[in-house]
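Engineer: 3D, please:
(2 chains)
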Amino acid sequence: MPLFANLYNFAHWLTQDAASAEDLVQETYMKALRGFSSFKQGTNFRAWMYKILRNTFLTTLAGLRASVSLDSDDQTVEPAIPETPESALLARVEQETIQNALEELPVKFREIILLCDLEEMSYQEIAETLGIPMGTVMSRLSRARKAMRELLVAKLARASR
Amino acid sequence: MSCDLWRDKLDAYVDSACSPDEVAALEAHLQGCSSCAAEALSRLQMKRMTKAAAARYAPSREFRLRIEKSIEAKRRPLWAFARFPEFAFLAIALVFLAVGSTLWIRHSAREQALAELVDLHVATLASANPVDVISTDRHTVKPWFQGKLPFTFNLPELQNSPFKLLGGRVMYFEHAPGAQLLFQIRSHQLSVFIFQDRAGTGSLSAGVTAERELAFSVETWSDGELRYVVVSDANRADVHELGELMRAAK
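Structural biologist: Sure, this is the predicted structure:
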């Protein structure tokens, strides 16, 4: 089964629950099979599958809650974070802290970081998956990473106190 | 170009989304700017750490099997035979084979049962003492079986018929006791076997059937839980007539 383990991991991150992730993946495959005739050769299969999964997630209660803040204020590109001693702090961050920070991120930030950093999708693929323009991908990714760093720094600061 | 503008490009740089020209220009800047270089390294490390940390959840084997099964089921519905005619032919052939074997087994079991009863009839006639109760009176013959059989049966009134009751004996068929009654019509003798209709005799059909077995006429039927079989070298009409009399006996 193509992408099975990756889709499950992504679904689990979105739903934050194993049973819901299984339901989501199952529904994704069923929808993909039903709609396979609509899949156009030459388009990105991976982006198509992730898009089905994400759209299915957005129809769930958790997804509906997440979608409220999904497309707001993507228009402005945040200024890059200034150089701080944070980069030295972040070098010592542990895997579990990153996982906790990812869990706490809003879904729209979490999903774009997962698609980019874990799945290593191109901006074009991410744009197809999320159904947003390339420019929005870049600005949202920048803001997501900034939010992630801030969360991590706060966690590390709490831990060091 | 200020460092802020270079740093706007760092995400695209670590995500390998810059054009070759942009990469060359940015790397030239990083060579001479330690703070931008440190920032680029930090982002690259964060990306790698996120990748490692995010690969967190693995589907269970059971779930994988469940999905594979449901996908298989979706891909191959029952009408898939239409797409694979050879499977349809195979399935039909298997059904015919199964039905054919069942019928053949039933047929051969029936043949065997009837052949055994014909043998019993012949053996009885060859015996010096063919019957254990010698009587032409049904009111003598029927009570004789009391205590010898786990069932009872009725014998017909033969006064105005061409048949004559000669007597009866206990016989065993398929490991169970039954009654064998001997009748005579002209110079022919007829055996009427009565036994409990059980699983072993299920091969004999429920309705009245008449047939020839090694030139003997055979007629069989079941009445309630009892199985009746008439065997004789008399003609089929005679056998049938005795069968009618037995069936009418009250």
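Engineer: quick one, what contacts B:Ser70?
Structural biologist: For B:Ser70, the contact set (C-beta atoms under 8 Å, 6 or more residues apart in numbering or on different chains) comprises A:26, A:29-30. For glycine as for every other residue, the C-beta is placed from the backbone atoms N, C-alpha and C.
Engineer: what residues does chain B put near chain A?
Structural biologist: Contacts of chain B with chain A, taken as C-beta under 8 Å from any C-beta of the partner chain, map to B:4, B:7-8, B:10-12, B:15, B:17, B:35, B:38-39, B:42-43, B:45-47, B:49-59, B:63-64, B:66-68, B:70-71, B:74-75.
Engineer: Which members of those are classed as buried?
Structural biologist: Buried members of the residues of chain B next to chain A, scored by 16 or more other C-beta atoms under 10 Å in any protein chain shown, are B:7-8, B:10-12, B:15, B:17, B:39, B:42-43, B:46-47, B:49-51, B:53-54, B:56, B:59, B:63-64, B:67, B:71.
Engineer: Those residues in strands, which ones?
Structural biologist: Secondary structure assignment (DSSP state E) places none of those within strands.
Engineer: low pLDDT regions in chain B?
Structural biologist: B:74-94, B:96-108, B:199-208, B:212-214 (pLDDT under 70).
Engineer: can you map out the strands along it?
Structural biologist: Under DSSP E, chain B gives strands at B:133-134, B:163-173, B:176-185, B:188-196, B:209-213, B:216-223, B:226-232.
Engineer: Mind putting the ones you listed into CSV with distance to A:Ser139 and mean neighbour count?
Structural biologist: What follows is those, written out as CSV (distance: least, C-beta to C-beta, whole Å; neighbours: other C-beta atoms under 10 Å in any protein chain shown):
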stretch, distance to A:Ser139, mean neighbour count
strand B:133-134, 111, 18
strand B:163-173, 94, 19
strand B:176-185, 92, 21
strand B:188-196, 90, 22
strand B:209-213, 90, 13
strand B:216-223, 88, 21
strand B:226-232, 91, 23
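Engineer: need the contact list for B:Thr9.
Structural biologist: In this structure residue B:9 is Lys, not Thr. Listed by C-beta under 8 Å, 6+ apart, the contact set of B:Lys9 reads B:18, B:22, B:26.
Engineer: ok, the residues you listed vs A:Trp13, which is closest?
Structural biologist: Checking these against A:Trp13 with C-beta to C-beta, the nearest one is B:Cys18 at 27.3 Å.
Engineer: pretty sure that closest one is touching B:Leu26, no?
Structural biologist: Yes. With contact defined as C-beta atoms under 8 Å, B:Cys18 reaches B:Leu26; the gap is 6.7 Å.
Engineer: what about dumping the CA coordinates of stretch B:40-56 to PDB?
Structural biologist: C-alpha atoms of stretch B:40-56 as PDB (Å, rounded to 0.1, in the frame of the first residue of the first chain):
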ATOM      1  CA  ALA B  40      21.200  28.800   8.500                       C
ATOM      2  CA  LEU B  41      22.800  26.000  10.400                       C
ATOM      3  CA  SER B  42      20.300  26.300  13.200                       C
ATOM      4  CA  ARG B  43      17.400  26.100  10.800                       C
ATOM      5  CA  LEU B  44      18.900  23.100   9.100                       C
ATOM      6  CA  GLN B  45      19.400  21.400  12.400                       C
ATOM      7  CA  MET B  46      15.800  22.200  13.400                       C
ATOM      8  CA  LYS B  47      14.500  20.800  10.200                       C
ATOM      9  CA  ARG B  48      16.400  17.500  10.700                       C
ATOM     10  CA  MET B  49      15.400  17.200  14.400                       C
ATOM     11  CA  THR B  50      11.800  17.900  13.400                       C
ATOM     12  CA  LYS B  51      11.900  15.200  10.800                       C
ATOM     13  CA  ALA B  52      13.300  12.700  13.300                       C
ATOM     14  CA  ALA B  53      10.800  13.700  16.000                       C
ATOM     15  CA  ALA B  54       7.800  13.700  13.800                       C
ATOM     16  CA  ALA B  55       8.300  10.200  12.500                       C
ATOM     17  CA  ARG B  56       6.500   9.100  15.700                       C
END
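Engineer: Just the residues contacting stretch A:30-46, thanks.
Structural biologist: With C-beta under 8 Å, 6+ apart as the contact definition, stretch A:30-46 has outside contacts at A:2-3, A:48-49, A:52, A:56, A:119, A:121, A:124-125, A:128, B:70-71, B:74-75.
Engineer: Which one of the strands of chain B lies nearest to A:Arg65?
Structural biologist: Using C-beta to C-beta, the nearest of the strands of chain B to A:Arg65 is strand B:216-223, at 72.5 Å.
Engineer: what angle do that closest one and strand B:226-232 make?
Structural biologist: 170 degrees (axes from the mean of the first three to the mean of the last three C-alpha atoms, to 10 degrees).
Engineer: Go ahead and measure how far strand B:216-223 is from the middle of the chain.
Structural biologist: In terms of C-alpha atoms, centre = their mean, to the nearest Å, the centre of strand B:216-223 is found 28 Å from the chain centre.
Engineer: in its sheet, what does that strand sit against?
Structural biologist: Strands adjacent to strand B:216-223 in the sheet, as given by DSSP bridges, are strand B:209-213 (antiparallel), strand B:226-232 (antiparallel).
Engineer: what is the orientation angle of the longest one with strand B:163-173?
Structural biologist: Interaxial angle of strand B:226-232 relative to strand B:163-173 (the same axes, to 10 degrees): 120 degrees.
Engineer: Strand B:226-232: how far from the chain's middle?
Structural biologist: 30 Å.
Engineer: Helices - which of the buried ones among the residues of chain B next to chain A land there?
Structural biologist: B:7-8, B:10-12, B:39, B:42-43, B:46-47, B:49-51, B:53-54, B:63-64, B:67, B:71 (DSSP state H).
Engineer: Spit out the contact partners of A:Gly151.
Structural biologist: Wrong residue type there; residue A:151 is Leu, not Gly. So A:Leu151 contacts A:101, A:104-105 (C-beta under 8 Å, 6+ apart).
Engineer: For it, pull up the helix or strand it's in.
Structural biologist: Taking DSSP states H and E as the definition, A:Leu151 sits inside helix A:134-160.
Engineer: in that helix, what counts as buried?
Structural biologist: A:136-149, A:151-153, A:155-156.
Engineer: Let me know the average pLDDT across that helix.
Structural biologist: What helix A:134-160 shows for mean pLDDT is 91.
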